[in-house]
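Peer 1: okay, sequence plus prediction incoming.
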Amino acid sequence: MFSFTLMLVVFILGYTAIALEHPLKIDKAASALMLGVVIWGVYMLDVTNILSLGFSDAWEHFSHSCLMTDYVKIHPEATLFEKMKYFVVDNQIVEHLGDISEILFFLLGAMTIVETVDQHQGFKLITDKITTTSKVKLLWIISILTFFMSAVLDNLTTTIVIVTLLNKLVDDKKTRWFFASMVVIAANAGGAFSPIGDVTTIMLWIGGQVTAANIIAMVFVPSVFNMLFPLAIVSLYMKGTVERPKIDASETAAFTTPFERKLLLFMGIGALVFVPVIKTLTHLPPYMGMLFGLSVIWITTELIHKGKNSEDRRKLSVVGVLKKVDIPTIFFFLGILSAVAALESAGHLALASHWLDTNVHNIYGINAAIGLLSSVVDNVPLTAGAMGMYPIVTHTMAAASADPTFMHHFLQDGAFWELLAYAAGTGGSILIIGSAAGVAAMALEKIDFIWYMKKISWLALIGYFGGILIYWLQDLVLFHM
């Protein structure tokens with residue numbers, strides 16, 4: 001039990017180091033990588049005792065699987081520790097690394113596409129259309145644009161695109177931090193109601209817990225208010241105008257033409273929009289579609305710039321752009337997701353899920369808690385835990401249960417699943433490291449964790465609980481009146 005608890009202590013200490021990045025003057029990527037390795041190390045050093053606690057049933061299932069049978073045939077003298085080590089190293093870590101790699105390659109592909117479009121001044125076509133300098137008006141324009149883009153693309157890709165745009169619209173660093181943070185709230189809100197807007201909704205959609213039309217119909221209004229409540233509050237006290245950064249057009253205008261800017265903008269947007277299309281048509285994971293889009297853009301830029309001088313061709317090629325991509329962001333994701341995966345593997349998240357089920361036993365309370373947890377822990381394992389804890393029930397199963405009213409919420413398109421999509425999707429906005437969108441914005445703009453807590457977290461909390469209230473009122477009006 002000591003090592004099981006120690007894993008949690010290490011996780012808290014690692015998160016603290018990430019939060020105190022600026023005072024400690026240690027890059028958060030370094031702290032995240034250290035956290036990811038140390039927490040798995042603690043797990044492995046006492047794996048026998050940790051798995052014997054039984055908080056995660058993964059070992060029990062695996063020990064009776066054909067993989068373990070084959071391992072025992074090859075290693076008949078293997079001890080219990082050796083079997084558990086094989087389970088963790090060759091199965092749990094490999095499985096988690098596969099899931100994490102999908103996110104990392106998706107992120108790397110998206111960042112490269114966006115950076116390529118930006119290098120060609122493609123986003124100038126959009127920023128030139130946004131002429132207002134009023135902080136309030138600009139904030140509303142950016143937030144609404146983010147909200148709907150997130151539903152079509154996804155919250156991570158949208159955040160990367162919009163934060164890149166903000167660099168062309170807002171010069172002051174702290175003002176840009178504020179705008180980028182509000183983009184995180186809007187992106188997570190927009191992704192929560194769309195079946196392809198967030199990993200959570202994708203999981204629930206593919207798993208059959210929700211249907212596409214229903215999740216849009218039932219979660220759209222709460223998601224809108226999740227964004228509107230913080231926006232309305234900010235509009236009451238935000239004053240002044242923004243100053244646009246001074247851009248030396250000669251840096252890129254000399255070697256890009258209007259045709260090339262338009263071509264790369266449309267190709268970039270097309271590549272991002274095409275990701276869910278490829279996923280739907282081929283059932284391949286999203287990162288495959290992202291890499292396909294990147295390959296098309298890569299080949300296109302090689303062809304259209306082949307006649308230019310070597311210096312211009314180098315600046316505009318994807319090879320040159322890759323040197324500008326923020327690799328520490330990739331390492332940060334790797335470390336933080338690895339740490340969360342260790343907690344999931346050891347059973348910490350399953351223990352939290354069962355505690356909620358036993359002590360709360362109310363869909364609003366359970367989902368509200370899951371959303372708050374998702375501000376600290378990745379929402380993917382939390383959602384997976386909830387999906388495993390509550391299977392999809394039929395009307396017959398619900399009627400035959402000891403608590404038919406409660407179990408009715410777990411039908412396909414039931415209230416529990418709808419609220420789970422909302423809570424797990426938007427709860428991550430409460431802390432900047434609580435969502436992929438937040439981590440991307442933090443990395444791109446170097447946003448300080450403590451600053452976000454002081455300036456944004458309370459707004460995100462109001463939007464989060466405000467959306468839950470709106471869902472409750474919506475449910476009351478539609479089904480109980």
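Peer 2: Structure's in. What do you need? These figures come from a predicted structure and were not determined experimentally. Numbers count the residues shown, from 1 in each chain.
Peer 1: low-confidence ranges in this structure?
Peer 2: Judged against pLDDT under 70, the low-scoring parts of the chain cover residues 206-207, 247-255, 378, 380-382, 384-385, 388-389, 397-398, 400-403, 406-407, 480-481.
Peer 1: which residue lies farthest from the center of the protein?
Peer 2: In the chain, the greatest distance from the average C-alpha position (CA atoms, centre = their mean) is reached by residue 77, at 43.6 Å.
Peer 1: so that residue, which state does it fall into?
Peer 2: Using DSSP: H, G, I helix; E, B strand; the rest coil, the secondary structure recorded for residue 77 is coil.
Peer 1: for the most centrally placed residue in the chain, which non-adjacent residue is closest in space?
Peer 2: Of all residues in the chain, the one closest to the mean position by CA atoms, centre = their mean is residue 436, 2.9 Å from it. The shortest distance from residue 436 to any non-neighbouring residue, by CB to CB, 6 or more residues apart in numbering, is to residue 156 (4.4 Å). Bear in mind the C-beta positions are built from the backbone N, C-alpha and C, glycine included.
Peer 1: would you mind measuring from the residue nearest to the centre of the chain to residue 45?
Peer 2: 30 Å (CB to CB, to the nearest Å).
Peer 1: now swap in residue 182 and tell me
Peer 2: When distances are taken as CB to CB, residue 182 and residue 45 turn out to be 43 Å apart.
Peer 1: again with residue 204
Peer 2: Using CB to CB, one gets 36 Å for the distance from residue 204 to residue 45.
Peer 1: the strands in the protein, which residues?
Peer 2: Taking DSSP state E as the criterion, the chain carries no strands.
Peer 1: what segments of the stretch 351-481 of the chain are helices?
Peer 2: In the stretch 351-481 of the chain, helices defined by DSSP state H, counting those that start in this stretch lie at 363-373, 379-389, 395-400, 404-407, 415-426, 436-445, 449-455, 457-479, listed in chain order.
Peer 1: would you format those as TSV with distance to residue 56 included?
Peer 2: Supplementary listing: these in TSV, determined by distance: least, CB to CB, whole Å:
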stretch	distance to residue 56
helix 363-373	17
helix 379-389	10
helix 395-400	26
helix 404-407	25
helix 415-426	20
helix 436-445	24
helix 449-455	30
helix 457-479	29
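Peer 1: nearest approach to residue 114 belongs to which of the ones you listed?
Peer 2: Comparison of those against residue 114 by CB to CB identifies helix 436-445 as nearest, at 9.7 Å.
Peer 1: any idea how far residue 348 is from the residue nearest to the centre of the chain?
Peer 2: For residue 436, the distance to residue 348 equals 21 Å [CB to CB].
Peer 1: tell me the phi and psi of residue 414?
Peer 2: Torsion angles at residue 414 (phi, psi; degrees, to the nearest 10) stand at phi -80, psi 170.
Peer 1: tell me how many other residues crowd residue 372.
Peer 2: If you count neighbours by other CB atoms under 10 Å, residue 372 ends up with 18.
Peer 1: go on, residue 33?
Peer 2: Here the number of neighbours of residue 33 (other CB under 10 Å) works out to 20.
Peer 1: that one contacts residue 331, correct?
Peer 2: Yes: with contact taken as CB atoms under 8 Å, residue 33 and residue 331 are classed as touching, separated by 5.8 Å.
Peer 1: check contacts around the closest residue to residue 205 other than its chain neighbours.
Peer 2: Closest residue to residue 205 apart from its sequence neighbours, by CB to CB, 6+ apart: residue 195 at 4.2 Å. For residue 195, the contacting residues are 201-202, 205, 210, 212, 215-216, taking CB atoms under 8 Å, 6 or more residues apart in numbering as the criterion.
Peer 1: now with 10 Å?
Peer 2: Taking CB atoms under 10 Å, 6 or more residues apart in numbering as the criterion, residue 195 is in contact with 151, 201-202, 204-206, 210-216, 276, 280, 421.
Peer 1: can you map out the helices along the stretch 51-200 of the chain?
Peer 2: Residue ranges of the helices in the stretch 51-200 of the chain, as given by DSSP H, counting those that start in this stretch, are 58-63, 66-74, 80-87, 93-119, 124-127, 135-152, 155-169, 173-192, 199-207.
Peer 1: please tell me how far residue 221 sits from residue 366.
Peer 2: Applying CB to CB to residue 221 and residue 366 gives a distance of 21 Å.
Peer 1: quick one: residue 64 from residue 55, how far?
Peer 2: In terms of CB to CB, residue 64 sits 18 Å off from residue 55.
Peer 1: between those two, point out the one with more neighbours.
Peer 2: With other CB under 10 Å as the criterion, residue 64 and residue 55 differ in neighbour count, and residue 55 comes out ahead with 17 against 8.
Peer 1: that'll do, ta.
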